[in-house]
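Engineer: no sequence on this one, just coordinates:
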């Protein structure tokens, strides 16, 4: 059984990791909130939480793959390059890995919310709803280039715009939910420990 | 598949999809259930069932380019395009094989026939063996019925056969449950086989065997067939375990373990619980994971499958063409570039006009090959010459190291881009129009006349045709270098549709011209802050004409005696487009003094009381108009009207209600 402090740390890393995934600021071509940092935080969170949710351990290989891929993309961006599209079959494998990872990861977080927090049921439902909508939206975006052309470019453009806006709102909502989950565990947790060599709550 | 190249294209396309599926399945082996693992093979089955390259698309990697490159390299053929008409071999021979490719196809066909025969023989032998068997005894038959009733499964005739290693279902249409004679068969084995029967899994086995035959020389697809067969058994294990509980589940695993050393007969149309030691080990691993698959993954399973389905099943079209640069050895560049051009077909007529115009502007033979008929590709390939041969008099903006001469004896100005004048649909779904490119210098040009609207142009009439799904351009004449007179009311130096009517000493004349611009893309050539932009010379093979305009120019030509000119104080015309059969449109007054105007419905009016006979001769300009715009409109929506209704005014008085009819002979 994981203590609440460890779970709090895991959830903190998850929330911050999601921030790195959703928010992007660039200096020239280079992101100052690189996505690979988000994946590394997820991996670190899994390490903290896998005792509670056995399924989370299954995600570690996918997390490593995603961290390597996004890390390579970030390094390539320094040279003004982009690894996306270099080898389409690999893009496809990465897309499948990311879709699965986020779905199961959020499913497990929702289960943690429901199991360990007295008021977590609502939060759990919220996370599950975000997870489902996010998965559907990502799938639609993936399929969009292969769907028959819309009635006109304008209609297609508006549809894409609506989907993109929905995706941004969803990302924001999910981030709020994850930080709420973290706060819920913080409120119930003993005072945070001072930061140790491996990093702790104080660091985050 | 009617030749070795189409087989190669089909099998390579399937191999690419298979490789991605294998990677994703391996990645999700412990995360998604055997149901998903087997269903994923359905995607490969669909890839194999759909002719590769359908609609000019390819799955994941540009296999058509690879096949065309190889074909051109080995056969020196450029005028053929590999097409897969059906996903199965279709023998088509005009005579005995002559080339290596034809011999290779014979060998491939022979292999297919051999494997089909081998499987057919093994199936027939199995059926004969079953026929020699004896119907299951009463006790066994009762156990089968009892098992079927308990789990709600169908039953089929059961026979006992000597020497069978294990039970199996044989046949798709008239299935038979084969049981080893003289041995007890566990109820759980029967459950497994009856589940195969219920889900008609023998049909999958048959399909897998057929795919093995068609792709007999592709080891990757054979490996996938092995895995698919095993996944089918794992799925059946899952179904059986979903129906068993407690000790029965453990017994099921023990039975499976006991079969690990048994031999099994692979025959089409059969499904057996025992499928070889190596496979059974994999299934036991799957069973061990059975309770560990994360729950609630149904949506993720479907979405992952959909994400894979788009690129694997629908595929993409090549949007850019290789023009002969890069690391390839010089000797191979022309082969690769011509293959790339053939496999990047123009899918719209606008795309074909665009590719041709950019071929002219950049002298790029590869762009021309994109929109040239297949019958001209061999000649074109022979005409391509390297840029370094020093014979590129008009070389200015070459986009390729493989140059081509369009016959334009002038240096084109790429910054001007191009325009297509008078674009119109003609018979057989084709389109015709006049290509105009700006030119900077030509030995054919005379002195620049220096007028404000003057612009030297080279114009060539073109026709776009759809030939087997590829839009191609057929030049209808040579380039003419002309001095264009570009005004807001059209280019007076280029042809237009002309309408005329007579009224007294006057001929009223309306010129109607359309112009289409492609989607103009510019590329930045300078760094910030000194941005410099240039016309993007890259063809858009699926492009559209997004800008379409029409322009009109109205004149009255005086044909009377010069001496009578002095009696003319004012001339005015008001006119509007008129379709045959419709009511004559209401026309407004042209006004007084000097005024011209036009309305959004195509109406035009103009009047003048000032005449410059010295400058204009007998022509009295009465203004013009036009309209159109960008986005969504096809340029030929601005086709000229049937005729114009016109009121003619002389010295302020309306002296005629006229109909301006098209001048015979088309564009003037």
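Structural biologist: The structure has been received and is ready for your questions. As the structure is a prediction and not an experimental result, all values here were calculated from the model.
Engineer: okay, CA-based contacts and neighbour counts for the rest of this
Structural biologist: Fine.
Engineer: who's in contact with residue A:78?
Structural biologist: A:29-30 (CA atoms under 8 Å, 6 or more residues apart in numbering or on different chains).
Engineer: roughly how far does it sit from chain B?
Structural biologist: Separation of residue A:78 from chain B (CA to the nearest CA, to the nearest Å): 18 Å.
Engineer: same check on residue A:166?
Structural biologist: Residue A:166 is 18 Å from chain B, where distance means CA to the nearest CA.
Engineer: report all helices and strands that the helix or strand harbouring that residue contacts.
Structural biologist: If you go by DSSP states H and E, residue A:166 is part of helix A:153-188. In terms of contacts (3 or more CA pairs under 8 Å, 6 or more residues apart in numbering or on different chains; DSSP states H and E), helix A:153-188 is packed against helix A:4-22, helix A:120-143.
Engineer: just give the nearest non-adjacent residue to residue A:39, would you?
Structural biologist: Spatially, and ignoring its direct neighbours in sequence, residue A:39 is nearest to residue A:67 (5.2 Å; CA to CA, 6 or more residues apart in numbering or on different chains).
Engineer: enumerate the residues of chain A near chain B.
Structural biologist: A:55, A:58, A:62, A:88-90, A:92-93, A:95-97, A:99-100, A:103-104, A:132, A:135-136, A:139, A:142-143, A:146, A:152-153 (CA under 8 Å from any CA of the partner chain).
Engineer: buried subset of those residues, written for ChimeraX?
Structural biologist: Entered in ChimeraX, the line below selects the buried ones among the residues of chain A next to chain B, by 16 or more other CA atoms under 10 Å in any protein chain shown:
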select /A:55,58,62,89,90,92,93,95,96,97,99,100,103,104,132,135,136,139,142,143,146
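Engineer: low-confidence stretches in the stretch 51-200 of chain B?
Structural biologist: Within the stretch 51-200 of chain B, no stretch has pLDDT under 70.
Engineer: now the strands: where do they sit in it?
Structural biologist: B:57-58, B:134-135, B:158-161, B:168-170, B:176-180 (DSSP state E, counting those that start in this stretch).
Engineer: quick revisit: return the distance of the helix holding residue A:166 from the chain's centre.
Structural biologist: Centroid separation for helix A:153-188 versus its chain: 11 Å, with CA atoms, centre = their mean, to the nearest Å.
Engineer: same check, this time on stretch A:97-113
Structural biologist: From the chain centre to the centre of stretch A:97-113 is a distance of 9 Å (CA atoms, centre = their mean).
Engineer: chain A contacts on the stretch 1-150 of chain B?
Structural biologist: Residues of the stretch 1-150 of chain B lying near chain A (CA under 8 Å from any CA): B:16, B:20, B:23-24, B:27, B:30-31, B:60-61.
Engineer: the residues you listed in helices, which ones?
Structural biologist: Judged by DSSP state H, the residues of the stretch 1-150 of chain B next to chain A include B:16, B:20, B:23-24, B:27 as members of helices.
Engineer: sorry, back to before: redo the residues of the stretch 1-150 of chain B next to chain A as CSV? Include distance to residue B:580.
Structural biologist: Shown next, in CSV, are the residues of the stretch 1-150 of chain B next to chain A (distance: CA to CA, whole Å):
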residue, distance to residue B:580
B:16, 58
B:20, 61
B:23, 65
B:24, 64
B:27, 68
B:30, 73
B:31, 70
B:60, 53
B:61, 54
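Engineer: ok, of these, which come out buried?
Structural biologist: Of these, these count as buried by 16+ other CA under 10 Å: B:16, B:20, B:24, B:27, B:30-31, B:60-61.
Engineer: that older thread, so which helix or strand takes in the residue nearest to residue A:39?
Structural biologist: helix A:60-78.
Engineer: next SSE downstream of that helix?
Structural biologist: helix A:88-116.
Engineer: so what does that following helix touch, helix or strand wise?
Structural biologist: Using 3+ CA pairs under 8 Å, 6+ apart, helix A:88-116 sits against helix A:60-78, helix A:120-143, helix B:4-27, helix B:298-309.
Engineer: what distance separates it from the centre of its chain?
Structural biologist: Distance of helix A:88-116 from the chain centroid (CA atoms, centre = their mean) equals 8 Å.
Engineer: now the angle between helix A:153-188 and it, please.
Structural biologist: 40 degrees (axes from the mean of the first three to the mean of the last three CA atoms, to 10 degrees).
Engineer: pLDDT on helix A:88-116, on average?
Structural biologist: The pLDDT scores in helix A:88-116 average 91.
Engineer: residue at max distance from the center of chain B?
Structural biologist: residue B:563 (66.3 Å; CA atoms, centre = their mean).
Engineer: name the SS class of that one, please.
Structural biologist: Secondary structure of residue B:563, reduced to three states by DSSP: H, G, I helix; E, B strand; the rest coil: helix.
Engineer: now do it against chain A, distance only.
Structural biologist: 60 Å.
Engineer: who are the neighbours in contact with residue B:649?
Structural biologist: Taking CA under 8 Å, 6+ apart, we find residue B:649 in contact with B:570-573, B:655-656.
Engineer: check which helix or strand it maps to.
Structural biologist: strand B:643-650.
Engineer: re the thing from before, now the helix holding residue A:166 against helix A:120-143, angle please.
Structural biologist: Relative orientation of helix A:153-188 and helix A:120-143, computed by the same axes, to 10 degrees: 150 degrees.
Engineer: okay, the angle between helix A:153-188 and helix A:4-22?
Structural biologist: Using the same axes, to 10 degrees: helix A:153-188 against helix A:4-22 is 160 degrees.
Engineer: buried residues in helix A:153-188?
Structural biologist: Quick answer for helix A:153-188 (16+ other CA under 10 Å): A:163, A:167, A:170-172, A:174-175, A:177-182, A:184-186.
Engineer: stretch B:224-240 too?
Structural biologist: Those buried within stretch B:224-240 under the rule 16+ other CA under 10 Å are B:224-225, B:227-240.
Engineer: what does stretch B:181-197 give?
Structural biologist: For stretch B:181-197, burial by neighbour count (16+ other CA under 10 Å) applies to B:181, B:185, B:187-197.
Engineer: before we move on, what about stretch B:78-85?
Structural biologist: B:78-79, B:81-85.
Engineer: can you give me the end-to-end span of it?
Structural biologist: End-to-end distance of stretch B:78-85: 20 Å, with CA to CA, to the nearest Å as the criterion.
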